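Asks: sequence plus the predicted model coming up.
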Amino acid sequence: MLDVYQRLYKLTLGMAMEFGDEAWEERVVVQLHRSAKVQPVAPDGDPGVRELWQRNYWELHGQLLSGCNSPLMLQLLGDIGFRVERYVNLFAELAHDAGRDVGVEHRAIVEAALARDKPRAIALIGEYFASAQPMRDSIHQALDRAETRPARRRNVAAI
């Protein structure tokens, strides 16, 4: 699922750089500014504040990709992306992400995209996804541990 998401993301970003207009550029810059004001939350931090950060994160990526002018691509990415985010929220060891400066990463991606430097923007997105690998590994480990536990029986009468 993640591989499909990353491929679709790169394709959609390329389309956004090709088809995005000045209004798209303005939306991206405004959302980058807004998201820079919201600091990432420590893994054991306030869940409400973490949700605010996640919302800003999604809005920045949504605006960045919106220039593709394809509602279908955006819907596909959203559907897969929300599934990925669900796994992150349920199973990820968020401490792996604590050392990243996502704001700097976002700024570099946005600058490359707005400069219409497709090779650089795609490379930066690749690095962005790769730097989250330890967190993804923690999800796989958590799921592997869950699969080795004996299945719990459900009380059918209570359902």
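Replies: Happy to help now that I have it.

Asks: who touches stretch 75-88?
Replies: Stretch 75-88 has contacts (Cβ atoms under 8 Å, 6 or more residues apart in numbering) with 1-2, 4-5, 8-9, 12, 54, 58, 61-62, 65, 94, 135, 139. Every residue, glycine included, has its C-beta placed from N, CA and C.

Asks: if we go to 6 Å?
Replies: 5, 8, 12, 139 (Cβ atoms under 6 Å, 6 or more residues apart in numbering).

Asks: quick one: average pLDDT of it?
Replies: The average of the pLDDT scores along stretch 75-88 is 86.

Asks: just stretch 51-61 next, same as before
Replies: The model assigns stretch 51-61 a mean pLDDT of 87.

Asks: contacts for it?
Replies: 31, 35, 38, 40-41.

Asks: adding distance to residue 129, write these out as CSV.
Replies: Shown next, in CSV, are those (distance: Cβ to Cβ, whole Å):
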residue, distance to residue 129
31, 20
35, 18
38, 21
40, 17
41, 21
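
Asks: still on that earlier bit, out of the contacts of stretch 75-88, the closest to residue 24 would be?
Replies: When the contacts of stretch 75-88 are compared for distance to residue 24 (Cβ to Cβ), residue 12 wins out at 12.6 Å.

Asks: count of residues packed around that closest one?
Replies: Residue 12 has 21 neighbouring residues, counting by other Cβ atoms under 10 Å.

Asks: for it, give me its contacts.
Replies: By Cβ under 6 Å, 6+ apart, the contact list for residue 12 reads 65, 68, 73, 77.
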